[in-house]
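1. The sequence and its predicted three-dimensional model are supplied below.
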Amino acid sequence: MLVFIHHDTRVVRITGVTVEPRSDWVTHQARNLSMEISEQACEIKFHMRDRDTKFTASLDAVFAAERASIIKTPVPAPRANAVCERVFGTIRRACLDRMLILGCRYLEVVLAEYDNADRPHRSVDQRAPARLDSPHVPIVKINPTRLRRTDRLGGLIHKYRMVA
């Protein structure tokens, strides 16, 4: 699973799943992400990555073409990319540890359904990352008759919303 994270907003983009992640596959996923971001008129300032052998100069070239500075995490600092590690841990604990994954295609379906965009984050005032552009309206009084729950992944995860 290859994940790109916007550190400021915590928006997670799962770009692909493969059995054999090689450098050419990672570079291809980065090009796809770069095209998607350029269509949104969004700017990449930094690309932070660890020193895995899958992350080669061709990957750096993709982000350098977007005028992004490449930052490699220090070798003796396993917590240098803690946001990414926490995302992987959350996906694993909340979803994958409770399911039997039968292949790459099924994993892609599960990850698309899990979609971390609906989950609140402490660092962004308990708002979901995809909703950061909307104004934050705190819920002061919860009326249980107006609260609706939608089950996701067969009831493994629940999504709650207030109705009128």
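-> Nice, thanks for sending it over.
2. Who are the contact partners of residue 54?
-> Counting by C-beta atoms under 8 Å, 6 or more residues apart in numbering, residue 54 makes contact with 21-23, 26. (C-beta placed from N, C-alpha, C; glycine too.)
3. Could you report the neighbour count for residue 42?
-> Using other C-beta atoms under 10 Å as the criterion, residue 42 is surrounded by 10 other residues.
4. which secondary structure elements does the helix or strand where residue 161 lies contact?
-> Using DSSP states H and E, residue 161 maps to strand 157-162. Applying 3 or more C-beta pairs under 8 Å, 6 or more residues apart in numbering; DSSP states H and E, we find strand 157-162 packed against strand 147-152.
5. by contact count, what packs against the strand it packs on?
-> strand 157-162.
6. quick one: the one helix or strand in the chain whose mean pLDDT sits lowest to strand 147-152, angle?
-> When each helix and strand of the chain is scored by mean pLDDT, DSSP states H and E, strand 157-162 comes last, with a mean of 79. Strand 157-162 and strand 147-152 are oriented at 150 degrees to each other (axes from the mean of the first three to the mean of the last three C-alpha atoms, to 10 degrees).
7. can you dump the C-alpha coordinates of strand 157-162 into PDB?
-> The C-alpha trace of strand 157-162 is given here as PDB (Å, rounded to 0.1, in the frame of the first residue of the first chain):
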ATOM      1  CA  ILE A 157     -16.800   1.100  11.300                       C
ATOM      2  CA  HIS A 158     -19.700   3.400  12.100                       C
ATOM      3  CA  LYS A 159     -20.300   6.800  10.600                       C
ATOM      4  CA  TYR A 160     -22.500   9.200  12.600                       C
ATOM      5  CA  ARG A 161     -24.400  12.300  11.400                       C
ATOM      6  CA  MET A 162     -27.100  14.700  12.600                       C
END
